[in-house]
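Asks: Next come a sequence and a model predicted from it.
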Amino acid sequence: MKFGYFANSNDRHLAKGFSQVLQDTVDLAQYLDDHGWSSIWFTEHHFGFEGFEVCPNPVMMSTWTATHTKRLRIGQAANIITFWHPLRFAEDLAMLDHMSGGRIECAVGRGIYGREALQLNKTADTRNPAQNFRIFNESLQIIRGAWANEYFAFDGEFFRYPDPRFVWDHAMSEKSAEYQDLETLELTKLALVPRTLQQPTPPMHQVVDGHLAIQYAAENDLGAMMWIPPVDALKPRFELYRDKKSAHEGRDVPLGEGISLVRDMFCAETKAEARRAGADGILDYMRWVCHWRGLGNHMHADEALPQTPGKLDLLDFEFLDERNLLFGTPDDISDKIAELIDVLNLETLIVWSHFPGVDHGAAMRSVRLFTEEVMPRFSGRVQLGQQAAE
């Protein structure tokens, strides 16, 4: 099994300032780099004065991390490509892939917060999900095409590259039918410089919730990154991804292939200590994100939640703990990871302990105990999966 860390940078309650956020990130990344972790992942959020999410540019955070690590793979979960100019994004990630020695993972998303979308790209307003999706789809095609091809062009609803009727005529630039009309000298294709070091593209993923997003990821050669649902509710999502990917690729894709799962984790010597140190932080964060998402994603398969006056009235530690938290002792957490392997044949688990209001030292104690006492038990994930199948 591969283990990654979800470095969802925040400065909630602690008021430590962004310079200290950066230093804590380096400390975390270097520890992961030195102790067998596979990857670290950064989020993209904007205008978050509340302190829950304070990384507006995961590409720059990834660059910062790459300079302080040697082997750790570095990902963004996710780049909200509906907010980016697709060619500038393609250039930035390609440069970073070279700077990191080919250690970049790229996850993409569509955005969830209207406060962000309306300021950064009004046409990608999340209140118009159909249009937001079309922008996402075109942006992804452009980014991939620019990385994978020496020369590329795109003509869509929202983007057209190169811009039509531009004449390129320079004595130091060779005339070529590969990228221009030799009669008019108008550009017909562009060339990204540089293209990614990993060819045709770095590993690409999509952060997904619903069935349509899962199907899109499977049918468009994207890994799927999931987060919240309990194990029994995850299984049909894993099966959907497997079935659609199998049909798309014309082969029998094993359950779990291509899927990463994020889990909220706090490891301590006792369950009571894990709750004391981490419960307030994860509840604070869940109240933030579930304001938009509601509690539907937390439901067990075929579960109906009772009606309450407020949509988050059921949200407490007990509600989360039995559904999706990895809180407790190394034995407690290992039992839940074993269930993920047995039921889902999970390949990659991504965890985090740096919840809002949890200081860096306390979070790192959780990370160290998880590293020392939990991770060694799952070094043979493939063998465990085979045993479960038997």
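Replies: On my side now, so go ahead.
Asks: Secondary structure element holding I143?
Replies: Counting by DSSP states H and E, the secondary-structure element that holds I143 is helix 129-148.
Asks: Now do the buried residues in that helix.
Replies: With burial defined by 16 or more other C-beta atoms under 10 Å, the residues of helix 129-148 counted as buried are 131-147. All C-beta atoms are positioned from the backbone trio N, CA, C, and that covers glycine.
Asks: who touches that helix?
Replies: Residues lying outside helix 129-148 but in contact with it, judged by C-beta atoms under 8 Å, 6 or more residues apart in numbering, are 81-82, 84, 86-87, 89-90, 93-94, 108, 110-111, 117, 121, 123-126, 152, 154, 156-159, 161, 190, 192, 195-196, 199-202, 204, 220.
Asks: Give me the buried subset of these.
Replies: For those, buried by 16+ other C-beta under 10 Å: 81-82, 84, 86-87, 89-90, 93-94, 108, 110-111, 117, 121, 124-126, 152, 154, 158, 161, 190, 192, 195-196, 201-202, 204.
Asks: so of the residues you listed, which ones are in strands?
Replies: Mapping those onto strands (DSSP state E) picks out 108, 154, 161, 204.
Asks: any chance of those residues in a markdown table, with distance to F52 too?
Replies: Converted to a markdown table, these look like this (distance: C-beta to C-beta, whole Å):
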| residue | distance to F52 |
| --- | --- |
| V108 | 21 |
| F154 | 35 |
| Y161 | 36 |
| M204 | 27 |
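Asks: The residues you listed: which two are farthest apart?
Replies: Comparing all pairs in these by C-beta to C-beta, the longest separation belongs to Y161 and M204, at 19.8 Å.
Asks: Narrow the contacts of helix 129-148 to those in helices?
Replies: Those of the contacts of helix 129-148 mapping onto helices are 86-87, 89-90, 93-94, 117, per DSSP state H.
Asks: can you map out the strands along this structure?
Replies: Shown for the chain, the strands assigned by DSSP E span residues 2-7, 39-42, 73-80, 104-109, 154-155, 160-161, 204-207, 223-226, 259-267, 326-328, 348-352.
Asks: Out of those, the one nearest L320 is which?
Replies: Using C-beta to C-beta as the measure, strand 259-267 is the one of the strands of the chain that comes nearest L320, at 7.7 Å.
Asks: Distance from the chain centre to that closest one, please.
Replies: Counting by C-alpha atoms, centre = their mean, to the nearest Å, strand 259-267 is centred 12 Å from the centre of its parent chain.
Asks: OK, contacts around the closest residue in space to L325 that isn't next to it in sequence?
Replies: What sits nearest to L325 in space, not counting adjacent residues and going by C-beta to C-beta, 6 or more residues apart in numbering, is D264, at 5.5 Å. Residues counted as contacts of D264 (C-beta under 8 Å, 6+ apart) are 282, 320, 324-327, 351-352, 355.
Asks: picking that back up, list just the nearest of the ones in helices among the contacts of helix 129-148 to M60.
Replies: Comparing the ones in helices among the contacts of helix 129-148 against M60 with C-beta to C-beta places L93 closest, at 11.4 Å.
Asks: Sketch out the low-pLDDT regions of the stretch 251-390 of the chain for me.
Replies: Confidence mapping of the stretch 251-390 of the chain against pLDDT under 70 gives the ranges 381-390.
Asks: one more time with 90
Replies: Of all residues in the stretch 251-390 of the chain, those with pLDDT under 90 make up the ranges 292-293, 379-390.
Asks: can you give me the helices in it?
Replies: If DSSP state H, counting those that start in this stretch is used as the criterion, the helices of the stretch 251-390 of the chain fall at 271-293, 317-321, 330-344, 360-373, 381-389.
Asks: Quick check: bridge partners of G109?
Replies: Beta bridges link G109 to I80, judged by DSSP bridges.
Asks: check contacts around it.
Replies: If you count contacts by C-beta under 8 Å, 6+ apart, G109 has them with 44, 77-81, 206-207.
Asks: domains of this structure?
Replies: With automatic domain parsing as the criterion, the domains of the chain are listed as 2-148+193-389, 151-190.
Asks: Next, the buried residues of the shortest one.
Replies: Of the residues in domain 151-190, those with enough neighbours to count as buried (16+ other C-beta under 10 Å) are 151-152, 154, 158, 161-162, 179-180, 186-190.
Asks: can you tell me which two in the residues you listed are farthest apart?
Replies: F158 and Q180 (24.1 Å).
Asks: Give me the distance between the two termini of stretch 314-329.
Replies: Terminal residues of stretch 314-329 are spaced 25 Å apart (C-alpha to C-alpha, to the nearest Å).
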